[in-house]
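S.K.: Predicted coordinates and the sequence they were generated for:
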Amino acid sequence: MKKFLALLLTAVMALSVCLTASAESLAGTYDITVWVAENAVSLTEKQIKDFNESNTDGIVFNATIEAVSESEAATQMITDVEAGGDIFCFAQDQFARLVQANALAKLGTKAAEAVIAANDAGTVAAATSGDTLYAYPLTADNGYFMYYDKSVIPEEDVDSLEKLIADCEANQKYFAFEQQTSAWYLASFFFATGCKSDWKTDDEGNFISVNDTFDSPAGLIAVKGMKKLVDSPFHLSSGSVNEFNSGAAVVVSGTWDYTAAKEILGDNLGATDLPSFEVDGKEYHLGSFNGCKLLGVKPQVDAVKAAVLHRLAQYLTGEKAQMERFEALAWGPSNVVDQASEAVQANPGLAALIAQAPYSVPQGQIHGSWWDIAKVIAEDVKNAKDEAGLQQALDNYYDKIASLFKLDTSALLFVGAWNGWNNADDTDTYYLKDGSVTLEVPQSDYMGGRIVTPGSWDSDKGFLQVTTGKELIQDLGDDVGDNNIVFLAPGNYTVTWDGAAITIAAN
Amino acid sequence: MKQYSDLEFLKLSRGQKFLYRLRRFLLSIPLGIGRFFMNLFRALGKGIAGIGRELGEIGSTFVHGDWKTKISFFIMGFGSLARGQILRGVLFLLFEAVFIAYMVMSGGYWLSMLPTLGITGPSEEYSEILDAYVTRYHDNSFQILLYGVLTIFFIIAFIYTWRVNIRQNRIAEKILASGKKLKSGRDDLRSIVDDQFHKTLLALPMTGILVFTVLPILFMILVAFTNYDGTHNGYTNSLFTWVGLDNFNTMLSWNVTGGAGSQSYAATFGEVLLWTLIWAFFATFTNYFLGMFVAMAINKKGIRFKKGWRTILVLTIAIPQFISLLYVSKMFAKNGIINGFLMSMGWIEKALPFWEDPTWARITVILINIWIGIPYLMLITTGILMNIPADLYESARIDGANAWQQYRKITLPYMLFVTGPYLLTSFTGNMNNFNVIFLLTGGAPTNPAASSAAGTVGYTDLLITWLFKITTGAESQYYLASVIGILVFVVVALISLVVYNVLPSIKNEEDFR
Amino acid sequence: MSEATAKRHMGLRASRAVSNTFIHVLLIVISIIWLIPFVCIVLQSFRVENTGPVGYIIPHQWGTDNYTRLFQTDFPRWYTNTFIAALVTAVLQTVIVLCMSYTLSRFRFKMRQPLMRFMLILGMFPGMLTMIILYRVLKDLGLTQANAVPGLILVYVASSGMGYYVSKGFFDTIPMSLDEAARVDGATRAKILYKIILPLSKPIVIYTVLTAFMGPWGDYVFARYIAFGTSAGKNVAVGLYDWLNKDQISNSYTMFCAGGVLVALPVTILFLFLQKYYVEGVTGGAVKG
């Protein structure tokens, strides 16, 4: 009897396994909503039709395609994640907000592997928070460069910011370059002098650390260059090539404006990399953000629907679909095979972007508040009367960035590259929430810094809070002041703070 | 302070009268506060006594009532049904049934979750076969708060209805005891269109206001005591919960959190509030006087095409602001057509910073607001001007008064008297004038010193546009927006209170009849 | 007539003529300033050589392309949405406002004063934030996104009772003795409203209808929030405003202007015909608060 029961049980179990397996079949019709940019609506419609016809699993999508601007997708999703698009496209800067709102479904292991292999590393990083991949790279062309009117600007002047400004002023024409209205463009000056603002997120999209060097001697050079531009009565804080219609001779914008610019200026249109500016006899080539557009899948309550949506997402961001998008809309692909193709390499709109590429910085993850905080620099710079005023602008910025973490009582500040005395030449600052940060120590003598708890610069117990990894550092004690530490050997270290103790490990 | 008799008061000049009233008001504030608390205590005492009386009445109704009344304590409407008032009885019974069903099915749950606003957040599972993550949603703080409040509303309504039900039994018993007849269903129906007609008329509007105005405002006030924001949206990421007065402490604190270069929240709030008040003042009075002037100009004897001028001005009202204001905003841009025109005429060398310079921007929005406001004021004042008795002017003219004197002595006092309440509502309306600022400048230019933790604040931002920016900004700090909302209310209420007390002729509506 | 008085008359007439000429000139200037933006918008809508915003006013090439293109987009749908919303709102809101203001003007009941004070206080809260919760309420009723139009109507109408001031002011000007006479004749309250008060209230009814009809055309913030992410539920303001996004403005700016002209059309026409009543309504009521 017992045996029979066991047999029966096994049979039932086997049957149930069969049943589950067949229940996992993906075939069926799915009603979904897809959000894409207005001009991509008809192409996406066609691509989903192609997918319906070509897939071998019997998946049929009944898709409603809505035009939602990529720069608005996050705001719209966050209104109500439940009612948002099942698949939606968005510009990279909204990634962190979307992850925090839990509006992006993580990619499965296999899907993630495929995406990482097929796409440009910068775009994959843009879709990653911590170690988790949350979205599919869609394009790699979200950067900016310079359009200009050849009838106003002589060819030989396009490499110099000063000459461009002079040409504009002489002709009573405008130089359109967003500064007061957008941190995305404003960062250009800082990248020119080698400043950086690197942010790190954990797996849930929370920001855990920042290494920001805008407030530094290099940053001061950057704002001096910026002041030349924003002080000009013919500077216009706008990023639209339509300004060519309203008296502009130079517009800094991206590939998305190429067609419109061509239509306005015709043969007079010039497109090239950004110019250089000169401070104290040295030239600095303007940098840029190199961003991308991403495609995300909304978290689903039904596993099968989640699986088929990821299939579709993969298809829509695959080699073939990206090529179609390039052909129809001239969107620069993120897929490495497409990027290498001759057609892409030869595209005139992308050529200027490629010329700018050596000076560009991958956008990575940036705190949502940074955009608001950083764009204020331009306003401050414009109001500044002298060098002290410029420095004040940077200090204000620095304080506001610091406060993003100070608001959290568990924050920790780490100052690296300390010169050993109470001077902070060439200082990198890390604001560390619960989490860890990797830092590079290039040389051993007098390189190190101090670890403090927020708001207690005077009585820090930084060294004393290190529980693991004490052998890697040395406490300088009160000799050099404030329990500063130095790393004993150059190398790569990971510093972790869990709210109570610091762990240091060599990589 | 010297207290004037009526006669002395009348001898004062206009300015002195105003100052006198203002001083009287300010002096009366401490007294007023004292009186307020006295009244509060008295009301409280009255309330407690009232509740005691109510309870006593309920008790005595139960003790002395007949069996029908007694059963009605548990089965609402039983008494009415048993005494033949079918319509009333059925309604009471139905209400009780719905209430109980609701409380059992969901009300109890919402109420029990209200203290915590939910326990379990969403979770996630990975299916290896499908290579996909599935999300499971659990508690929804937002819904708990919303339906929790609704449930409390419902309970209050139930208690009230229950009380009415008991009182009706008591009254019915009395009427029957005195040998009279009870009202029939037909009588009830007739009273709906006659002596209870006001209740019928108010039923629908008041329900709408209750659900779509009172409930949301109550909810908004409650949000100020939670940590509801973009990272705690209450459902798809983290739940939100009660935080007490933390948000008010943040908003009203003078501690600088955004670093040395930036302001505290309180300072930023103060700055925005100051501009909001300046804006409301100028927006109201420039429109008022210029609108009156235009109306008088058009109405003047001997002016032709009166209707034509009016129609041209009225066009601004007819065309939606999101079209006209957006266009006007572009006209004033650095490379807009106005600067283009001025430069091509050679009147200016470089563009005027209409939107770039804080002071320019503030003046420009006020000027453009005149463009929007004059037509309304022109319409309103046209009618009133016609109502001023013509013989007043006639006799003034005979006395040799010139146009300015006529305006000072007749037109203006009359207008101010009649439009006093309008000016007040217009002032508070302008404080919350979202459209004009949002469509013209969006708050620009940015104020670099403003507190960073509250998003970007511009020099032309009003409290209401700032509130909107905080709501839709990167961090979606709903709780902070709702604190600002409450503070806006306090400011508006205070101003209204002062004006009501200082200006004569506003208080008594019957005066106008 | 003596010579002196004749001279004075002449002088008066002359000075009046001078001041009238001055006022005429002033009115012409004012009219030009007031009309420029509208003329510009209309001119832009007929520009075909370039579809983005430009720095000049007179089109180089004229045509109706923008209007024909407009009808290939979702614009007709948005227009219908808004028109329906405006029409239904106009009817329902008028009923509600009239109920409210008539009651508060004509009846003296215990809760009257507290009620009015309560609504005055309610009106002091900035309504902006409540859109989050209104969205949630409408969502639970299934009236968001594609079904946004009935949802919008519900919200417009439901809170309209608060705007009773103007029409209450108007009713206050109708003598109470009329009601009392009818009461003596045995008319019910309802009958008095229909038979006596309403016929006298044509201006205020038209004023209320007109303002209620105008509201939905310009609503942007709330309509956008309710209809988020769906083209089918948008109203004209939301739809047109989206065309000003940076990736669409080059292609859609002149269409935006054309759409704007079409939006302004019905309201303008109504205004031209009903202006007289509007003035009577607003002056009869607005000033009484």
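M.R.: Arrived safely.

S.K.: Outline the domain layout of the chain.
M.R.: Unless you meant another one, I'm taking chain A. The record, using automatic domain parsing to delimit domains, assigns chain A the ranges A:27-141+A:291-342, A:142-290, A:408-506.

S.K.: please go with chain C instead
M.R.: Taken from automatic domain parsing, chain C resolves into C:3-65, C:71-288.

S.K.: hang on, the earlier thing: confidence-wise, which of the domains of chain A is weakest overall?
M.R.: Lowest mean pLDDT of these: domain A:408-506, a mean of 62.

S.K.: which residues of the stretch 51-200 of chain C fall in helices?
M.R.: All helices of the stretch 51-200 of chain C, identified by DSSP state H, counting those that start in this stretch, fall at C:65-70, C:75-106, C:112-122, C:130-140, C:148-158, C:165-172, C:176-184, C:189-192, C:198-200.

S.K.: Including mean neighbour count and mean pLDDT, could the ones you listed go into JSON lines?
M.R.: From N, CA and C alone the C-beta is placed, and that goes for glycine too. What follows is the helices of the stretch 51-200 of chain C, written out as JSON lines (neighbours: other C-beta atoms under 10 Å in any protein chain shown; pLDDT from 0 to 100):
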{"stretch": "helix C:65-70", "mean neighbour count": "18", "mean pLDDT": "93"}
{"stretch": "helix C:75-106", "mean neighbour count": "21", "mean pLDDT": "93"}
{"stretch": "helix C:112-122", "mean neighbour count": "14", "mean pLDDT": "87"}
{"stretch": "helix C:130-140", "mean neighbour count": "21", "mean pLDDT": "90"}
{"stretch": "helix C:148-158", "mean neighbour count": "23", "mean pLDDT": "93"}
{"stretch": "helix C:165-172", "mean neighbour count": "24", "mean pLDDT": "84"}
{"stretch": "helix C:176-184", "mean neighbour count": "13", "mean pLDDT": "85"}
{"stretch": "helix C:189-192", "mean neighbour count": "19", "mean pLDDT": "83"}
{"stretch": "helix C:198-200", "mean neighbour count": "12", "mean pLDDT": "87"}
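
S.K.: what's the closest of these to B:Leu424?
M.R.: In this view, those are compared for proximity to B:Leu424 by C-beta to C-beta, and helix C:112-122 is the closest at 10.5 Å.

S.K.: Can the helix or strand that B:Leu26 is a member of be said to contact chain C?
M.R.: For B:Leu26, the host element (DSSP states H and E) is helix B:14-64. No - Helix B:14-64 lies out of reach of chain C by C-beta under 8 Å from any C-beta of the partner chain, never closer than 12.8 Å.

S.K.: and the residue in the stretch 101-250 of chain C positioned nearest to chain A, how many neighbours does it have?
M.R.: Across the stretch 101-250 of chain C, no residue is closer to chain A than C:Ser250, which sits at 3.5 Å (C-beta to the nearest C-beta). By other C-beta atoms under 10 Å in any protein chain shown, 22 other residues sit near C:Ser250.

S.K.: I'd assumed A:Ala260 was in contact with it.
M.R.: Yes - using C-beta atoms under 8 Å, C:Ser250 is in contact with A:Ala260, at 3.5 Å.

S.K.: hmm, who's touching stretch C:207-217?
M.R.: Applying C-beta atoms under 8 Å, 6 or more residues apart in numbering or on different chains, the external contacts of stretch C:207-217 come out as B:317-318, B:320, C:82, C:85-87, C:89-91, C:93-94, C:97-98, C:152, C:156, C:160, C:166-167, C:223, C:235-237, C:263, C:267, C:270-271, C:274, C:277-278, C:280-282, C:285.

S.K.: State the distance from the closest residue to chain B within the stretch 1-150 of chain C to A:Thr33.
M.R.: At 3.5 Å from chain B, C:Thr130 is the closest residue in the stretch 1-150 of chain C, using C-beta to the nearest C-beta. Computed as C-beta to C-beta, to the nearest Å, the C:Thr130 to A:Thr33 distance reads 27 Å.

S.K.: Tell me the confidence at the single nearest residue of the stretch 401-513 of chain B relative to chain A?
M.R.: In the stretch 401-513 of chain B, the residue that lies nearest chain A is B:Ala474 (3.2 Å; C-beta to the nearest C-beta). pLDDT, B:Ala474: 76.

S.K.: before we move on, which element is it in?
M.R.: Using DSSP H and E, B:Ala474 falls outside every helix and strand.

S.K.: Next, it: phi, psi?
M.R.: Dihedral pair for B:Ala474: phi -60, psi -30, per degrees, to the nearest 10.

S.K.: Need the nearest residue in space to it, chain neighbours excluded.
M.R.: A:Gly368 (3.2 Å; C-beta to C-beta, 6 or more residues apart in numbering or on different chains).

S.K.: quick revisit: could I get the domains of chain A as TSV with distance to chain C?
M.R.: Output for the domains of chain A, formatted as TSV (distance: least, C-beta to the nearest C-beta, whole Å):
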stretch	distance to chain C
domain A:27-141+A:291-342	5
domain A:142-290	3
domain A:408-506	26
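
S.K.: quick one on the thing from earlier: so what's in contact with C:Ser250 and A:Ala260 at the same time?
M.R.: When C-beta under 8 Å, 6+ apart defines a contact, the residues bordering C:Ser250 and A:Ala260 alike are A:Val241, A:Asn242, C:Gly52.

S.K.: who are the neighbours in contact with the first one?
M.R.: Applying C-beta under 8 Å, 6+ apart, one finds that A:Val241 lies in contact with A:Tyr147, A:Val251, A:Ser253, A:Asp257, A:Ala260, A:Ala261, A:Ile264, C:Ser250.

S.K.: Try it again at 6 Å.
M.R.: By C-beta atoms under 6 Å, 6 or more residues apart in numbering or on different chains, the contact list for A:Val241 reads A:Tyr147, A:Val251, A:Ser253, A:Asp257, A:Ala260, A:Ala261.

S.K.: For it, give its distance to chain B.
M.R.: Separation of A:Val241 from chain B (C-beta to the nearest C-beta, to the nearest Å): 13 Å.

S.K.: residues contacting the residue of the stretch 51-200 of chain A found nearest chain B?
M.R.: Proximity of the stretch 51-200 of chain A to chain B (C-beta to the nearest C-beta) peaks at A:Gly108, 3.3 Å away. A:Gly108 makes contact with B:Asp131, B:Ala132 under the criterion C-beta under 6 Å, 6+ apart.

S.K.: Could you measure from it over to A:His310?
M.R.: A:Gly108 is 6 Å from A:His310, by C-beta to C-beta.

S.K.: And C:Ile23, by the same measure?
M.R.: 73 Å.

S.K.: what does B:Lys46 give?
M.R.: For B:Lys46, the distance to A:His310 - C-beta to C-beta - is 66 Å.

S.K.: so how far is stretch A:323-338 off the chain centroid?
M.R.: Chain-centre distance of stretch A:323-338: 20 Å, with C-alpha atoms, centre = their mean, to the nearest Å.

S.K.: phi, psi of residue 286?
M.R.: Just so you know, I chose chain A. According to degrees, to the nearest 10, A:Leu286 has phi -60, psi 140.

S.K.: Correction: the question concerned chain B.
M.R.: phi -60, psi -50.

S.K.: Run a quick check on it versus B:Ile370, I expect a contact.
M.R.: Yes - counting by C-beta atoms under 6 Å, B:Ile370 is a contact partner of B:Thr286 at 5.3 Å.

S.K.: Poorly predicted segments of chain B, please.
M.R.: Scanning chain B for pLDDT under 70 picks out the ranges B:1-7, B:9-11, B:14, B:255-262, B:451-455, B:503-513.
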